[in-house]
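Novice: no sequence on this one, just coordinates:
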């Protein structure tokens, strides 16, 4: 434990939230239903957040398939828009 003199600095969002333009990615995938895309260097919870509508670009929950591969700092997201509700 360490005592500090003030509040923590503003973090400005994580690098994982800001390094990818999720809105642009979602729009491109909506134009190609069923096509998988590979996105490198993502947070380990990204697939879960997409499947639950955790990003505004993916609020149409159930229309996305997302899965993670890799480990450590080399995490990869495979993502596709199905255009229909998936379980």
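Specialist: Received the coordinates, thanks. The structure presented is a predicted model; accordingly, all values stated were derived computationally and were not measured.

Novice: Leaving out the residues flanking it, which one is nearest to residue 33?
Specialist: Computed as Cβ to Cβ, 6 or more residues apart in numbering, the closest residue to residue 33 that is not its neighbour in sequence is residue 83, at 4.0 Å. For every residue, glycine as well, the C-beta is placed using N, CA and C.

Novice: in which helix or strand would I find the one you found?
Specialist: Assigned by DSSP states H and E, residue 83 falls within no helix or strand.

Novice: mind listing the strands for this protein?
Specialist: Shown for the chain, the strands assigned by DSSP state E span residues 37-40, 64-69, 76-81.

Novice: Give the buried residues for stretch 47-63.
Specialist: 47, 49-51, 55, 57-58, 63 (16 or more other Cβ atoms under 10 Å).

Novice: Distance to residue 36 and pLDDT added to those residues, as a markdown table?
Specialist: Conversion of the buried residues of stretch 47-63 to a markdown table gives the following (distance: Cβ to Cβ, whole Å; pLDDT from 0 to 100):
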| residue | distance to residue 36 | pLDDT |
| --- | --- | --- |
| 47 | 13 | 93 |
| 49 | 18 | 93 |
| 50 | 13 | 93 |
| 51 | 15 | 91 |
| 55 | 18 | 91 |
| 57 | 17 | 93 |
| 58 | 15 | 93 |
| 63 | 14 | 93 |
